[in-house]
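Chemist: Kindly generate the corresponding structure for this input.
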Amino acid sequence: MADDNHRGVRLLSRPKQLNTKGSDPGIHSWLVGSPFLPPLTVASFLRCIHSLPSSSSSPDFLKESEDLRTLLPKGFEIIGAVASGEDSDARAAVDAASSLRKLLYREGTDRPLIGAVCGSDSGDMRFFVSESGNTTSLEAVPSVIEERDSEKCLWENACLLRCELPIKLPLYYAPKNPTDVEKAYVQAVEALIAKLRDPQAVYMLETTNKTSLDIPLPVIIRGVQLDFYADLSKIKTLADDEDGSDASSLSCSYFSNRSKAGSPVFSAENADTIQVSVLFNSFGTSSASTVPVAEYLPVEDEARLLVVDIKLDVLCYSSRELPLKYAVSSLIIPGLVDQLNTVQKLMLPNLLAQLPQPKFYHFSPSGILHPITVFYELSFGETEMKQVEVRRSLHSRLGLPYDRPLLRISNALDFSKVKSNGMISLQKGSTLLRDVHFGIPSSGVTGGTVSLVQGSYEYFHYLHEGYNDSGWGCAYRSLQTIISWFRLQNYTSIEVPSHREIQQTLVEIGDKDPSFIGSREWIGAIELSFVLDKLLGVTCKVINVRSGSELPEKCRELALHFENQNTPVMIGGGVLAYTLLGVDYNEASGDCAFLILDPHYTGSDDLKKIVNGGWCGWKKAVDNKGKNFFLHDKFYNLLLPQRPNMV
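Modeler: Below is the predicted model:
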């Protein structure tokens with residue numbers, strides 16, 4: 001970590017949606033780094049989405065700081081900015097990063113700041129560095145290194161710390177003076193912050209991995225041991241200064257998962273997590289007790305009580321080498337204070353109206369190396385339009401697509417999942433086989449391009465869960481597999497419907513007579529489209545072919561579907577229905593194969609038996625023995641569910 005003027009910038013990720021062509025000069029993105037990474041290492045790019053009304057090219061630093069203070073877990077920080085324009089605009093980028101840091105961290109910086117410039121026409125990005133954090137020493141960066149194994153770089157020597165803190169604030173006020181309740185709330189928050197920092201405060205740290213046989217004992221850290229002025233970038237100095245005489249001198253590595261076997265998977269989901277608890281009941285006589293707590297008592301007899309419920313949930317990123325006491329004082333406590341201030345801003349105008357329901361969630365969306373923390377107000381649920389706009393804004397900030405529900409509550413990190421050999425268990429409450437096409441033999445198409453379903457699905461087939469639908473339920477089973485895909489991608493929270501529920505839906509919309517319920521009548525692609533529209537709000541495209549011999553002609557269209565929509569396809573023809581998971585297509589020769597998931601299977605959920613038996617595998621329209629897989633004397637309908645355009 002040599003501190004010289006000729007070091008290069010290291011990129012762990014590339015910016016998403018960085019298209020500045022034709023745009024006016026201005027700040028486009030913020031660069032995110034960490035004091036636990038080598039200097040000038042960029043972990044992510046976050047778009048600047050708030051500008052001043054008077055100038056679209058000038059960031060609204062106050063709004064940006066309010067957003068990023070919650071969004072970025074402690075342990076990550078703003079280390080620069082990207083401006084669109086010419087090289088001279090790098091100075092504006094450094095100035096913007098410096099201004100934002102002052103609001104976020106309430107101090108200037110003598111650390112290096114990066115000013116990047118993205119050309120308005122070329123789109124090329126060039127980097128400049130200010131060693132002292134101001135524009136007087138701006139120098140071009142001689143080299144930019146794009147890290148190949150970014151996850152390993154970020155997570156190999158890192159861990160997470162999490163602190164959940166439920167709080168009840170009792171507020172007394174006089175109805176004649178409603179502003180009293182606001183004063184009482186502010187005083188209560190100030191008292192709570194003082195308690196968090198008090199020398200008599202008590203924090204307990206323990207591992208969340210309870211499956212290991214070698215579980216480290218919890219560590220107790222008292223407020224008197226904390227240091228709120230440490231420089232986290234100087235970990236070695238902090239560690240060397242410890243005399244090792246008490247538990248607070250232990251580093252975060254004390255809680256490392258010692259039972260990990262094989263090659264570790266580097267990600268936020270699989271990082272060691274340390275649980276931090278605030279033990280308010282252990283507070284003794286303290287200096288904080290002289291601060292007014294949440295017990296404002298008006299003299300009037302008609303004094304009323306208002307209890308405000310808050311649940312803070314802080315997630316922090318740390319090096320394993322960081323001593324535990326600094327992890328608490330420099331990461332956990334500042335994170336709690338920031339969340340208290342965020343909630344206070346929301347609560348104050350609404351204390352005597354309908355109280356908001358604020359809640360914090362942690363996400364690790366695909367394409368973002370580090371976790372993020374999202375603050376949702378859930379009074380009207382997560383489908384209310386205001387909530388949708390919040391998610392849309394977050395998608396814009398993170399460069400996420402606008403047709404994926406990546407930041408819905410169902411996608412939040414679940415720290416209650418059991419870890420086994422360092423891997424998160426994905427089978428959450430379901431015993432159904434998932435993604436059975438993984439690892440199957442190749443298609444046999446020479447020089448073809450494989451286009452596959454993206455995302456998980458569950459395999460539904462004849463006789464599943466003891467229900468006998470052999471001979472008539474294949475389309476029902478294909479529909480269940482398709483709905484499981486939408487459920488696992490968090491587009492819906494409904495349970496996968498039974499045959500009877502599917503029939504009842506068709507009766508409710510008027511497509512079938514009431515006698516259809518409980519029958520063994522077949523359904524086809526059109527009925528499936530009605531059910532998907534009714535239950536999920538999903539629209540479908542239908543392709544009709546007159547004969548099975550024409551299906552290879554649709555391979556190009558099917559390949560585009562899997563590349564753009566990614567959903568499973570139902571193929572119905574005559575009396576048979578299949579689920580299509582992908583195609584392998586050589587555009588030059590016309591050779592193609594179809595990845596078929598066959599719902600006609602009647603055996604047990606034995607993956608090896610299913611694959612070896614060809615119940616999930618590549619099928620050519622005509623095999624090497626001249627046998628036709630698709631019948632030439634039958635018409636076929638292909639149902640292509642469209643991915644909802646929603647966040």
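
Chemist: Note down every partner strand of whichever strand or helix holds Val129 and its orientation.
Modeler: Assigning secondary structure by DSSP states H and E places Val129 in strand 125-130. Here strand 125-130 has these sheet partners by DSSP bridges: strand 113-118 (antiparallel), strand 138-140 (antiparallel).

Chemist: Pull the residues that contact the shortest one.
Modeler: Yep, that's strand 138-140 we're talking about. 5, 87, 90-91, 94, 115, 126-131 (C-beta atoms under 8 Å, 6 or more residues apart in numbering). The C-beta positions use only the backbone N, C-alpha and C, and glycine is treated the same way.

Chemist: Show me which of the residues you listed is closest to Leu103.
Modeler: Val94 (15.5 Å; C-beta to C-beta).

Chemist: Next one, pLDDT for the closest one please.
Modeler: Here, the pLDDT recorded for Val94 equals 94.

Chemist: Format the contacts of strand 138-140 as CSV; extra columns: distance to Tyr467 and neighbour count.
Modeler: Listed next are the contacts of strand 138-140 as CSV, based on distance: C-beta to C-beta, whole Å; neighbours: other C-beta atoms under 10 Å:
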residue, distance to Tyr467, neighbour count
Asn5, 71, 11
Asp87, 68, 14
Ala90, 66, 28
Arg91, 69, 18
Val94, 65, 27
Gly115, 64, 28
Arg126, 63, 16
Phe127, 61, 23
Phe128, 66, 22
Val129, 65, 25
Ser130, 68, 25
Glu131, 69, 18
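
Chemist: So which of these sits lowest on pLDDT?
Modeler: Lowest confidence among these: Asn5, with 43.

Chemist: Only C-alpha atoms, please: export the strand holding Val129 in CSV.
Modeler: Extracted C-alpha coordinates of strand 125-130, given in CSV (Å, rounded to 0.1, in the frame of the first residue of the first chain):
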residue,chain,number,x,y,z
MET,A,125,-13.2,6.9,-19.0
ARG,A,126,-10.0,8.5,-17.8
PHE,A,127,-9.0,8.8,-14.1
PHE,A,128,-7.2,11.5,-12.2
VAL,A,129,-6.2,11.5,-8.5
SER,A,130,-5.9,14.3,-6.0
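
Chemist: residues making contact with that strand?
Modeler: The contact list for strand 125-130 (C-beta under 8 Å, 6+ apart) reads 5, 7, 9, 15, 18, 40, 82, 87, 90, 93-94, 112-119, 136-141, 144.

Chemist: follow-up on the earlier one: could you export the strands paired with strand 125-130 as JSON lines, including distance to Pro166?
Modeler: Converted to JSON lines, the strands paired with strand 125-130 look like this (distance: least, C-beta to C-beta, whole Å):
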{"stretch": "strand 113-118", "distance to Pro166": "38"}
{"stretch": "strand 138-140", "distance to Pro166": "48"}
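
Chemist: For Gln489, which of these is the nearest?
Modeler: Among these, strand 113-118 sits nearest to Gln489 (C-beta to C-beta), with 32.3 Å.

Chemist: What number of neighbouring residues does Cys592 come out with?
Modeler: Cys592 has 25 neighbouring residues, counting by other C-beta atoms under 10 Å.

Chemist: Hmm, it is touching Gly582, no?
Modeler: No - using C-beta atoms under 8 Å, Cys592 is not in contact with Gly582; the gap is 10.9 Å.

Chemist: most tightly surrounded among the strands paired with strand 125-130?
Modeler: strand 113-118 (a mean of 26; mean count of other C-beta atoms under 10 Å).

Chemist: Show me the contact partners of that strand.
Modeler: 9, 18, 20, 28, 31, 40, 42, 79-87, 89-94, 97-98, 101, 124-130, 133, 135, 138, 141.

Chemist: Give me the residue ranges of the stretch 1-150 of the chain where confidence is low.
Modeler: Low-confidence segments of the stretch 1-150 of the chain (pLDDT under 70): 1-6, 16-24, 107-109, 120-123, 133-136.
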